[in-house]
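J.: got a sequence here, can you model it:
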Amino acid sequence: MSAAESSSVPEPDTATTDAAEVSGHAGQLAVAAARAHGVETLFTLSGAHVFPMYDGAVTADPPMRLLDVRHEQTAAFAAEATGKLTRVPGLAVLTAGPGVTNGVSAIAQAQFAGSPMVVVGGRAPANRWGSGSLQELDQPPILESVSKMARTLHTAGDVLGGMHDAFTAARSSHRGPVFVDVPMDEFFNSSSGPAPAVGATRGAEPDSDRIDEIAGLLGRARRPVLILGTDVWADHADEAALRFVEAAGVPTITNGMGRGVVPGGHRLLATKARGQALNGADLVVVVGTPLDFRLGYGVFGGKDGAEPAQVVHVADSPGQLSTHATLASAVSGDLTSVFEGLQQAFDRQPQRPDWDTWVAELADTVRVATQRDLGLLSAEADPIHPARIYGELVPRLADDAVVIGDGGDFVSFAGKFVEPKRPGGWLDPGPYGCLGAGLGGAIAARIARPSAQVVLLLGDGAAGFSLMDVDTLVRHNLPVVMVMGNNSAWGLEKGPMQMLYGYDVVADLAPRTRYDDVVRALGGAGETVTDPKQIGAALDRAFAANVPYLVNVITDVEAAYPRNTFGI
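T.: Below you'll find the predicted structure:
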């Protein structure tokens, strides 16, 4: 906008709110709508197209927290992680053009993971549209395929209701990201409207006949397995799920933010016996996660001449039910109602099944696997085996710790060895598999859980996407412990390429890079560790430092995570 145009921008109004009406400029109205939906922090990187949102945050009563980052992707990833951790939509405000496109990967991740968030984009002024003003780009068409909804709020009068609609959509099943943009000139204009009336967003009641059908399948099963995924947490069904698991006595595997719903060490948690459980099951009930590559596309068992397992899929909304897998039954709806209905229907079964032998077999496998893992977790290898890091880290994690994974092989080891004690304490990229989310997740976690340990697990490759945002942690006084498995390579690609071609290219990074020096230069602290015996002491210093602290552990590039799938 030119100097002449900017001189005609009206003075900001002070938004006023009573039981019936909200008034102010469009930025204030947007903030009022966000606050009505429980938003406490606005994540952003400064841009003139969205100045009214900042004024709206500053002049709100009380002011809304502004958290500015060094790359728009971090703002969007922080909003996405906030939605995951708090189950209230996160809010990212991105300036027009490249500000918005820099956030696309995080928005796509939210779409794949079902994370509630709203992204507000700046937009070139409507009164100049088509003239080639700065960063003039029609953004909603770019976002339509990776969001629940993408639209332009064309006038100041559209903003209050449009933002309310955006937050309502983001937090309703199936949850996900919503994008809106507002023309710059309209952002400065004033309007008024009814204060948003925010009600509960509980999902639909599940079909009782389908519930009875699934209970019947469970009642007849001899070797059932239950899988709990992210939407169990997102749908506030974590407590109901644990009650059902314990009352029914069904062996359970968890993934995504379903981790911790059944606490680590629980007698029915069979994650460490995953292979035996899924290959030997005659019924697999999958709740709150897609039947994607992480779950063999919904095909279990059937090896060595055995019959494949029957599969049941349960989702929070009809559109999330599998259309590619062969299902014995399926149901969608509010997941708490699903678990409560299943428990009641299961209790009505004419005869309670005896799963004691099956549970004992899986528990034995868990014990054997746990004992076997001790060798890796205490390995004295030089270079350091990445598992040794978890041997030192896991005993130091509090029950309420938030653990964030941003990396390939190194974070895969975390999935094997870190078993959360509580739900809502594990963040990974989900099925989209996007690197660079870690710093945003760490920022969000430190704000959402101010008294908890926050541990960011970084691959050295992943760190290159966002490590500059340590500056954000420092400026906003957000202490986080960062633990890096530094194998000086793109480990997730190096091994498979060697397997396929007998060589690898573009898979190596500079050896033993001192990423801790980068963190120190940005105002944090850290150290490099090359001796496995020093890892524990380094972690203790990191937890005690009360500043962003990176423990940069040099690991063995040959110690690759053993995997059965490459995600295709």
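J.: quick check: G459 touching F410?
T.: Yes. Between G459 and F410 there is a contact under CB atoms under 8 Å: 4.6 Å. For every residue, glycine as well, the C-beta is placed using N, CA and C.
J.: tell me, what's touching the two both at once?
T.: Residues within reach of G459 and of F410 at once, by CB atoms under 8 Å, 6 or more residues apart in numbering, are M484, G485, N487, G491.
J.: least confident of those residues?
T.: Minimum pLDDT for the shared contacts of G459 and F410 is recorded at G491 (89).
J.: excluding its backbone neighbours, what's nearest it?
T.: D409 (4.1 Å; CB to CB, 6 or more residues apart in numbering).
J.: was I right to think that neighbour contacts H385?
T.: No. With contact defined as CB under 8 Å, D409 does not reach H385; the gap is 11.5 Å.
J.: okay, now stretch 60-73: how far is its last residue from its first?
T.: End-to-end span of stretch 60-73 (CA to CA, to the nearest Å): 26 Å.
J.: chain center to it, what's the gap?
T.: Centroid separation for stretch 60-73 versus its chain: 20 Å, with CA atoms, centre = their mean, to the nearest Å.
J.: swap in stretch 25-44?
T.: In this view, stretch 25-44 has its centroid 22 Å away from the chain centroid, taken as CA atoms, centre = their mean.
J.: for stretch 404-418, same thing?
T.: Offset of stretch 404-418 from its chain centre (CA atoms, centre = their mean): 14 Å.
J.: give the buried residues for that stretch.
T.: 404-414, 416-418 (16 or more other CB atoms under 10 Å).
J.: wait, a strand at L458?
T.: Yes. Per DSSP: H, G, I helix; E, B strand; the rest coil, L458 lies within a strand segment.
J.: okay, and the beta partners of it?
T.: D406, M484 (DSSP bridges).
J.: strands of the stretch 351-500 of the chain, start to end?
T.: Taking DSSP state E, counting those that start in this stretch, the strands of the stretch 351-500 of the chain run over residues 402-406, 426-427, 454-459, 481-486.
J.: who are the packing partners of the second one?
T.: Judged by 3 or more CB pairs under 8 Å, 6 or more residues apart in numbering; DSSP states H and E, strand 426-427 is in contact with helix 72-86, strand 402-406.
J.: which stretch among those is buried most, on average?
T.: Ranked by mean neighbour count under mean count of other CB atoms under 10 Å, the helices and strands packed on strand 426-427 are led by helix 72-86, which reaches a mean of 30.
J.: now the angle from that helix to strand 402-406?
T.: Counting by axes from the mean of the first three to the mean of the last three CA atoms, to 10 degrees, helix 72-86 lies at 140 degrees to strand 402-406.
J.: adjacent strands (with direction) for the helix or strand following helix 72-86?
T.: Next helix or strand after helix 72-86 toward the C-terminus (DSSP states H and E): strand 90-94. Sheet pairing of strand 90-94 (DSSP bridges) gives strand 41-44 (parallel), strand 117-123 (parallel).
J.: residues contacting stretch 498-510, please?
T.: D460, G461, S488, A489, W490, E493, K494, M497.
J.: my error: substitute stretch 261-276 in the last question.
T.: By CB under 8 Å, 6+ apart, stretch 261-276 touches 225, 228, 232-233, 238, 241-242, 245-246, 249-254, 277, 359, 361-363, 365-366, 369-370, 419-423.
J.: do that again at 6 Å, thanks
T.: Identification of contacts with stretch 261-276 by CB atoms under 6 Å, 6 or more residues apart in numbering yields 228, 232, 238, 241-242, 245, 251-254, 277, 362, 365-366, 369, 419-421, 423.
J.: which among these count as buried?
T.: Buried among those by 16+ other CB under 10 Å: 228, 232, 238, 241-242, 245, 251-254, 277, 362, 365-366, 369, 419-420, 423.
J.: what packs against the lengthiest helix in the chain?
T.: As assigned by DSSP state H, the longest helix anywhere in the chain is helix 356-377. Under the contact definition 3 or more CB pairs under 6 Å, 6 or more residues apart in numbering; DSSP states H and E, helix 356-377 sits against helix 386-393.
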